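Novice: 3D model of this:
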Amino acid sequence: MHAYRRFAVVSLGALVVAIGGCQTYVRKADFDATVNELRATDQRQQQQIDSLAQQMQQRFAEYDAKIAQSPGRIRVDVASHFAFDKATLRDEDKPMLDDFAKVVSGHFPQAVVTVEGFADAAGGKPYNLRLGQARAEAVRDYLVQTGGLPADQVRAVSYGKAENRQVLKGKWGDGAEPNRRVTLVVDFAGTLAAPGNG
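Specialist: All right, here's what the predicted structure looks like:
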């Protein structure tokens, strides 16, 4: 009887170990499946982002805009966006912003847009930070109020006259228009809308 009880206990212990091992295996299998699914989703999303970047490149070629991309991000660099010492949005730049808002809202409504404002090398750093911020906010307000992008998904930041971000190092005044610009950075999250709209 004691031998049978010991055998039963040992068998039960083996069964628990087997079940425990099986559960661990199932969890790992689920984890691996989830990781593979996420990787596949990332790949599909990146393919859509690549396609969207190409569409932007074609659509914004007439606006002298430079398009660059990195994983999960598209950067639209627009030169000569503001006059010297001004933060007023020019009428000739509004069609580009209209197109930008249409593309973003049509293809990626969950995207977060960061408007980066820049200044040329004239003046002090604090002043140029304020000027860059005013320029970024002018563009942000236009994208929200006229372009229809959600206010909580468009933010404005300034880099002022940061030397490492100047297109023409140390230049200001006439001929330094590329330094007086905004850059529109699109960060992606969620799911892209179907291509072909907007």
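Novice: if we ignore the residues flanking it in sequence, what's nearest M96?
Specialist: Y63 (4.2 Å; CB to CB, 6 or more residues apart in numbering). C-beta: built from backbone N, CA, C; applies to glycine.
Novice: these two touch, right, that neighbour and L97?
Specialist: No: Y63 lies out of contact with L97 (CB atoms under 8 Å); the separation is 9.4 Å.
Novice: the two: which is more packed in?
Specialist: Applying other CB atoms under 10 Å to Y63 and L97 shows that L97 carries more neighbours, namely 22 against 17.
Novice: who's in contact with the more buried one?
Specialist: L89, V139, Y142, L143, T146, G147 (CB atoms under 8 Å, 6 or more residues apart in numbering).
Novice: again, 7 Å this time
Specialist: Counting by CB atoms under 7 Å, 6 or more residues apart in numbering, L97 touches V139, Y142, L143, G147.
Novice: ditto for V104
Specialist: A111, V113, L149, V186.
Novice: what's the mean pLDDT across the helix or strand hosting the second one?
Specialist: With elements taken from DSSP states H and E, the one containing V113 is strand 112-118. What strand 112-118 shows for mean pLDDT is 92.
Novice: just after that strand, pick out the following helix or strand.
Specialist: Downstream of strand 112-118, the first helix or strand assigned by DSSP H and E is helix 125-145.
Novice: send me the helix or strand just after that following helix as CSV with only the CA atoms.
Specialist: Of the helices and strands lying after helix 125-145 in sequence (DSSP H and E), the nearest is strand 154-160. What follows is strand 154-160, C-alpha atoms only, in CSV (Å, rounded to 0.1, in the frame of the first residue of the first chain):
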residue,chain,number,x,y,z
VAL,A,154,0.1,68.7,-34.2
ARG,A,155,2.8,70.3,-32.0
ALA,A,156,5.3,73.2,-32.6
VAL,A,157,8.9,73.3,-31.5
SER,A,158,11.8,75.7,-32.2
TYR,A,159,15.5,75.1,-32.9
GLY,A,160,16.1,78.8,-33.6
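Novice: so what's G132 up against?
Specialist: G117, F118, A119, S158, Y159, G160.
Novice: next, count neighbours for the second one.
Specialist: Counted with other CB under 10 Å, the burial measure for F118 works out to 27 neighbours.
Novice: surely it meets V157?
Specialist: No: under the criterion of CB atoms under 7 Å, F118 makes no contact with V157, lying 10.4 Å away.
Novice: where along the chain do the strands fall?
Specialist: For the chain, the strands defined by DSSP state E cover 65-70, 73-78, 112-118, 154-160, 182-187.
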